[in-house]
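> after the sequence you'll find the predicted model.
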Amino acid sequence: MDKMLKESVAALFCYVIKMDDKDIDIERPLFRRFIKQDFPSMTDEEACKLLDETLEKEYNIDTQISILANGLHNEVYTKMSVLKQLNAIIVKSKLGDEDYDLFDKVKEVFFP
């Protein structure tokens, strides 16, 4: 389950990075910091590898959000932390309506 949650969190963050055509080298330290906050046992190298692998793949974002909501069902603090991290990635640059539509979608699924 932990591997699935890691992939889903990474897919969510990478979805925003791709959607806004953000510079991967600029986003890498933030991604690494957030992934390591969510999964403290990860090394810097593992976090960077996860970012690179996730950027290469195509994910159904709705499926990833559902996996996160189900996997974090009773973990309100963790869900709030993921929302806070998602917001930080969104506001770092190029805000768009699609960004906040995604944020609202995640929030609604996490907290119906």
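Received the coordinates, thanks. These numbers were taken from a predicted model, which means no experiment stands behind them.
> OK, contacts around residue 92?
22, 27, 30 (CB atoms under 8 Å, 6 or more residues apart in numbering). From N, CA and C alone the C-beta is placed, and that goes for glycine too.
> ramachandran coordinates for the first one?
Backbone torsions for residue 22, taken as degrees, to the nearest 10, come to phi -70, psi 150.
> sorry, back to before: mind putting the contacts of residue 92 into CSV with pLDDT and neighbour count?
Shown next, in CSV, are the contacts of residue 92 (pLDDT from 0 to 100; neighbours: other CB atoms under 10 Å):
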residue, pLDDT, neighbour count
22, 74, 18
27, 87, 20
30, 91, 16
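> using JSON lines, lay out the residues you listed together with distance to residue 74.
Output for those, formatted as JSON lines (distance: CB to CB, whole Å):
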{"residue": "22", "distance to residue 74": "32"}
{"residue": "27", "distance to residue 74": "30"}
{"residue": "30", "distance to residue 74": "27"}
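> just those now: which is nearest residue 53?
residue 27 (15.0 Å; CB to CB).
> using the three-state scheme, assign residue 74.
With DSSP: H, G, I helix; E, B strand; the rest coil as the basis, the three-state label of residue 74 is coil.
> what's it sitting at in phi/psi?
Per-residue torsions, residue 74: phi -100, psi 20 (degrees, to the nearest 10).
> okay, the residue of the chain most remote from its centre: pLDDT?
Distance from the C-alpha centroid of the chain, by CA atoms, centre = their mean, peaks at residue 112 (19.2 Å). What the model reports for residue 112 is a pLDDT of 90.
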